[in-house]
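Chemist: please work out how this folds:
(one chain, ligands or ions: 1)
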Amino acid sequence: MTSTIPGFFQGTEMPTSGWWDALWPDPAAVLRATGIGMSMDVIDLCSGDGWFTLPIAEMAGHVTAIDIDANLLEVARGRLTANGLVNCDFVAGDAYELAGLVSRPVDFVFMANAFHGVPDRPRLARAVRGILKQDGRFAIVNWHQHPRETTTVLGEPRGPRTELRLSPEQTIADAEAAGLRLVKLVEVPPYHYGAVFEPA
Ligand SMILES: C[S@@+](CC[C@H](N)C(=O)[O-])C[C@H]1O[C@@H](n2cnc3c(N)ncnc32)[C@H](O)[C@@H]1O
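Modeler: Just a heads-up that it's a prediction; the model follows:
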């Protein structure tokens with residue numbers, strides 16, 4: 001069980017049942033909505049098996065995938081290699097320890113489906129702020145705070161437990177507590193939103 005890894009954020013296990021691609025048929029569109037652009041140096045934080053890492057590598061200059069689960073990073077590595085992509089690094093580690101995991105400030109940190117499980121969210125946001133370039137951006141993609149029984153995919157309720165889900169207002173407050181400022185809030189249908197921040 002991945003959730004037995006020390007430091008693992010609660011309720012952030014990678015789905016195993018094959019519904020992720022049904023929920024996210026066009027991950028590149030999600031990335032475009034958050035503002036990831038060509039030639040950016042990007043971190044995919046809590047990258048899982050690389051569902052978003054692959055399109056980031058296709059549209060940006062470089063991507064570093066970071067996850068606490070080294071096995072998932074190997075799956076991500078295989079996914080990118082199979083697609084002929086070489087502009088990527090894979091780093092196993094705890095997201096809180098970001099400063100020690102990356103060697104340079106980056107243009108963009110993308111974090112999907114994980115912020116809800118972070119015990120000290122301002123601490124995590126501060127760690128991200130610390131490795132952003134002055135004009136860098138941090139995008140958090142979260143499940144909306146809808147009851148879990150209403151967020152069905154392939155006929156089943158999906159996603160984190162209802163009580164773990166965060167409203168956009170909670171997410172924004174946590175990021176602002178870390179010295180970040182909201183740039184834009186976007187809808188990511190059917191069940192998510194994306195909040196994009198810059199250093200205040
Ligand atoms: C639900 S998955 C989402 C993966 C990917 N972002 C996506 O949306 O397809 C959350 C990921 O967070 C990772 N994770 C959990 N705790 C972590 C931590 N403390 N530091 C880094 N990654 C962590 C898990 O291993 C898992 O791969």
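Chemist: which SS state does the residue in the chain that the ligand sits nearest to fall under?
Modeler: Distances between the chain and the ligand by C-beta to the nearest ligand atom are smallest at Gly48, namely 2.6 Å. Backbone N, C-alpha and C define where each C-beta goes, glycine included. Classification of Gly48 using DSSP: H, G, I helix; E, B strand; the rest coil returns coil.
Chemist: may I ask which helix or strand encompasses Asn142?
Modeler: According to DSSP states H and E, Asn142 maps onto strand 132-143.
Chemist: which helices and strands sit right next to that strand?
Modeler: Here strand 132-143 touches helix 27-34, strand 106-112, helix 121-130, helix 168-176, strand 180-188, strand 192-199, going by 3 or more C-beta pairs under 8 Å, 6 or more residues apart in numbering; DSSP states H and E.
Chemist: just say which of those is most tucked in.
Modeler: Stretch with highest mean neighbour count among the helices and strands packed on strand 132-143: strand 106-112 (a mean of 24; mean count of other C-beta atoms under 10 Å).
Chemist: ok, and does that one reach over to the ligand?
Modeler: Yes - judged by C-beta under 6 Å from any ligand atom, strand 106-112 comes into contact with the ligand at Ala112.
Chemist: would you mind listing what in this protein touches the ligand?
Modeler: Residues of the chain found near the ligand (C-beta under 6 Å from any ligand atom) are 2, 7-9, 12, 14, 46-48, 51-52, 67-69, 72, 94-95, 112-114.
Chemist: since we're on the closest residue to Thr12 other than its chain neighbours, how many residues are nearby?
Modeler: In this structure, Thr12 finds its nearest non-sequential neighbour in Gly117, 4.1 Å apart by C-beta to C-beta, 6 or more residues apart in numbering. Residues within reach of Gly117, counting by other C-beta atoms under 10 Å, total 19.
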